[in-house]
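S.K.: With the sequence up front, the predicted model follows.
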Amino acid sequence: MVPHIREAYNKVFTTDRYEAFLEALNSQHPGAIEFRLAETPVFADKHFKHKILDACESIIDVITDPQFRPLTTAAIPPNESVPNENDRPHMLVFDFGICYGENNEPEPQLIEMQGFPSLYAFQVFYPDLLREHMPIPPSYSQYLGNYDRTTYLADLKSVVLGDVPAENVVLLEIKPHAQKTRIDFYCTQDYLGIQPVCITELIREGKKLFYNRNGKKTPIHRIYNRVIFDDLKAQQASLGNFTDITQELDVQWIPHPNWFYRVSKYTLPFLRHPYVPPTYFLNEIKQLPPDLGNYVLKPLFSFAGQGVVIDVTPAEIEKLENFDNWILQRKVTYADIIKTPDIPAKAEIRIMYLWHDEWERPRPAINLARLSKGKMIGVSYNKDQNWVGGSVCYFERDSA
């Protein structure tokens, strides 16, 4: 996306250099990275950065509106609503595909969004190490706003821990040491001092929760939540006994589980912005668009791209049992924009926000990227390709 930087990067890239980087990356927590990491980052100039942040801020205007919570009450399945919801999602992530707009200029197009944490710790460790092995211009950074490594980690720690000691805060997941994203849990522990804990390991006594920390039963006052209910339902049979986290508990949630549903695909039909594709609740459409092939069909309650229908036909829609659980979104055409040694790659950028209790609005903080040469974006796809997989975008700093 920045031609002279791309040309310089590709010119000096070697497989040996890439392998040395991966070896260094895996040495911190051997065997913890199962997903593929791309051979290259994405580079984006200030102009593109301002486009993508303008879209994010317009969405945040909707989320911070007092009517947002009443508007999204129906987004939360009744049997999955968790008590003591707070007034904000402490983490927000926005996924944008990189496309070509007018005048053939790169522009972002929103794909999905979540009121849920992503790789907030790994995206510190990984891009910093990549910079040591690859030619990354000093005026480009994975951080957004006024953040650098020190200020970002300070705010991440403050958002996650608040005023609670690290020993009384846990990162909650389902079988955390078996998750593909477990490297992020270990990096979180490195940076914040909090332990990844499986939902089956929670000890409940009335409304109070405890866990085993170094052989000692330790109170939990705050939960950095990584549990997705869809995943919990899918694995329930193999978990045995576990604490029902939808019950009244004396804990603070970061972020609260209800925000996973409020800020989600359910929110897309309420957004209006040039970089947000038109999206409709399927049950509210009176007549299907004549160019149905230009839309994608997405289930409201799923994650990681599961259930998405890319090639939509009337027959596909007729097969659905419940129109209430689906949206129809204008299809986004990803640009073949990242030059690689063979065919160009498509790219998606996830902008990640932090929202401290003391802030009026969330702040853009860091990002991740994903590269693909197939129909689907994601680290689980294109396994037989090179220059695809998890990545990061280095954005040009405004002071550059």
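M.R.: Structure received.

S.K.: So, low pLDDT: which residues of the chain?
M.R.: 302-306, 375-383, 400 (pLDDT under 70).

S.K.: Please enumerate the helices of the stretch 201-350 of the chain.
M.R.: 229-239, 258-262, 314-318 (DSSP state H, counting those that start in this stretch).

S.K.: Of those helices, which stretch is the most buried?
M.R.: Comparing the helices of the stretch 201-350 of the chain by mean neighbour count (mean count of other C-beta atoms under 10 Å), helix 258-262 comes out on top with a mean of 24. For every residue, glycine as well, the C-beta is placed using N, CA and C.

S.K.: so how far is that one off the chain centroid?
M.R.: 14 Å (C-alpha atoms, centre = their mean, to the nearest Å).

S.K.: again, but for stretch 205-217
M.R.: The answer for stretch 205-217 is 29 Å, by C-alpha atoms, centre = their mean.

S.K.: Of all the residues in that stretch, which ones are buried?
M.R.: For stretch 205-217, the neighbour count (16 or more other C-beta atoms under 10 Å) marks 209, 210, 211, 213 as buried.

S.K.: Need the contact partners of that stretch.
M.R.: Identification of contacts with stretch 205-217 by C-beta atoms under 8 Å, 6 or more residues apart in numbering yields 167, 170, 195, 197, 201-204, 218-220, 223, 243, 247-251.

S.K.: Show the buried residues in these.
M.R.: Buried, going by 16+ other C-beta under 10 Å: 167, 170, 195, 197, 201, 202, 218, 219, 220, 223, 249, 251, out of the contacts of stretch 205-217.

S.K.: List the ones among those that fall in strands.
M.R.: 170, 195, 197, 218, 219, 220, 223 (DSSP state E).

S.K.: Show me which of these is closest to residue 134.
M.R.: Set against residue 134, the nearest of those by C-beta to C-beta is residue 195 (32.5 Å).

S.K.: roughly how far apart are that closest one and residue 155?
M.R.: Applying C-beta to C-beta, to the nearest Å, the value for residue 195 to residue 155 is 21 Å.

S.K.: can you map out the strands along the stretch 251-400 of the chain?
M.R.: 252-254, 279-281, 295-299, 326-330, 346-354, 363-372, 389-391, 393-396 (DSSP state E, counting those that start in this stretch).

S.K.: picking that back up, quick check, nearest of the buried ones among the contacts of stretch 205-217 to residue 229?
M.R.: Using C-beta to C-beta, these come closest to residue 229 at residue 223, 14.4 Å.

S.K.: and that closest one, bridged to which residues?
M.R.: Note on residue 223: beta-bridge partners residue 170, residue 253, judged by DSSP bridges.

S.K.: And for residue 4, the neighbour number?
M.R.: Neighbours of residue 4 under the rule other C-beta atoms under 10 Å: 9.

S.K.: which stretch among the helices of the stretch 201-350 of the chain comes nearest residue 10?
M.R.: helix 229-239 (37.8 Å).

S.K.: was I right about residue 246 contacting residue 81?
M.R.: Yes - counting by C-beta atoms under 8 Å, residue 246 does reach residue 81; the two are 6.8 Å apart.

S.K.: shared neighbours of the two, which are they?
M.R.: What both residue 246 and residue 81 touch, as defined by C-beta under 8 Å, 6+ apart, is an empty set.

S.K.: so what secondary structure elements neighbour the helix or strand residue 97 falls within?
M.R.: Per DSSP states H and E, residue 97 falls inside strand 91-100. Applying 3 or more C-beta pairs under 8 Å, 6 or more residues apart in numbering; DSSP states H and E, we find strand 91-100 packed against helix 46-63, strand 106-114, strand 346-354.

S.K.: So for that strand, what gets flagged as buried?
M.R.: 91, 92, 93, 94, 95, 96, 97, 98, 99.

S.K.: Name the residues linked to the third one by a beta bridge.
M.R.: Read that as residue 93. Beta-bridge partners of residue 93, as defined by DSSP bridges: residue 114, residue 352.

S.K.: Show the contacting residues for it.
M.R.: 113, 114, 116, 117, 118, 350, 351, 352, 353.

S.K.: likewise the last one?
M.R.: Residues in contact with residue 99, defined by C-beta under 8 Å, 6+ apart, are 106, 107, 108, 109, 332, 333, 334, 335.

S.K.: and the buried ones among the contacts of stretch 205-217 as TSV, adding distance to residue 27?
M.R.: Converted to TSV, those look like this (distance: C-beta to C-beta, whole Å):
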residue	distance to residue 27
167	27
170	26
195	22
197	25
201	28
202	32
218	30
219	35
220	32
223	30
249	38
251	35
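
S.K.: From the residues you listed, pick the one nearest residue 15.
M.R.: residue 195 (37.2 Å).

S.K.: Need the residue closest to the centroid of the chain.
M.R.: residue 118 (4.2 Å; C-alpha atoms, centre = their mean).

S.K.: how about that one, phi and psi?
M.R.: phi -120, psi -140 (degrees, to the nearest 10).

S.K.: Now do the residue lying closest to it once chain neighbours are set aside against residue 53, distance only.
M.R.: Residue nearest to residue 118 in three dimensions, not counting chain neighbours: residue 93, with 4.9 Å by C-beta to C-beta, 6 or more residues apart in numbering. Going from residue 93 to residue 53 by C-beta to C-beta gives 14 Å.

S.K.: which neighbours do the two share?
M.R.: With C-beta under 8 Å, 6+ apart, residue 93 and residue 53 have common neighbours residue 351.

S.K.: circling back to that earlier point, export the buried residues of stretch 205-217 to TSV and tack on distance to residue 177?
M.R.: Listed next are those as TSV, based on distance: C-beta to C-beta, whole Å:
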residue	distance to residue 177
209	20
210	20
211	14
213	16
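
S.K.: Between its first and last residues, how far does stretch 4-23 reach?
M.R.: Start-to-end span of stretch 4-23 (C-alpha to C-alpha, to the nearest Å) is 28 Å.

S.K.: And for stretch 329-337?
M.R.: 23 Å.

S.K.: who's in contact with residue 68?
M.R.: Shown in contact with residue 68 (C-beta under 8 Å, 6+ apart): 62, 262.
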